[in-house]
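Undergrad: Structure, please.
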Amino acid sequence: MTFEPTKFVVTVTDTPGAEGVEYVPETKKFCTSNAGDNTVGVVDLRQMKVIKKLRNERKPDGSAYQIRPNSGSNFEDNAQGS
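TA: Have a look, this model is predicted:
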């Protein structure tokens, strides 16, 4: 996939109030922090649609994805909004 900054590519629905996007290259997916319904959405890049939603007790206000050497990957969503 090639992205150009001025070109509209696709709209992914069911991501209300998305405040952040984290790409997970190993799985060809990305996650959205959805403040509108207190969830983290998992989006499949091949389908360009939400395939899973993870509920949070509070509004997800940001998240981070990191690769840990020799122990796999880790996705954290520990920032909380008001």
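Undergrad: Nearest the geometric middle of the protein, what residue?
TA: Ranked by distance to the mean C-alpha position of the chain (C-alpha atoms, centre = their mean), the top residue is C31 at 1.5 Å.
Undergrad: what sits opposite that residue in the beta ladder?
TA: E22, V42 (DSSP bridges).
Undergrad: Would you agree it is in contact with V42?
TA: Yes: using C-beta atoms under 8 Å, C31 is in contact with V42, at 5.7 Å. All C-beta atoms are positioned from the backbone trio N, CA, C, and that covers glycine.
Undergrad: Any stretches of the chain with poor pLDDT?
TA: Where the chain drops to pLDDT under 70, the residues are 1, 3-4, 62, 66-82.
Undergrad: and if we set it to 80?
TA: The chain contains residues with pLDDT under 80 at 1-9, 60-82.
Undergrad: In it, mark out all the strands, start to finish.
TA: 18-24, 29-34, 39-44, 49-55, 64-68, 72-76 (DSSP state E).
Undergrad: and among the ones you listed, the most buried is which?
TA: Scoring the strands of the chain by mean neighbour count under mean count of other C-beta atoms under 10 Å gives strand 29-34 as the most buried, with a mean of 22.
Undergrad: what helices or strands is that one leaning on?
TA: For strand 29-34, the elements it packs on are strand 18-24, strand 39-44, strand 49-55, judged by 3 or more C-beta pairs under 8 Å, 6 or more residues apart in numbering; DSSP states H and E.
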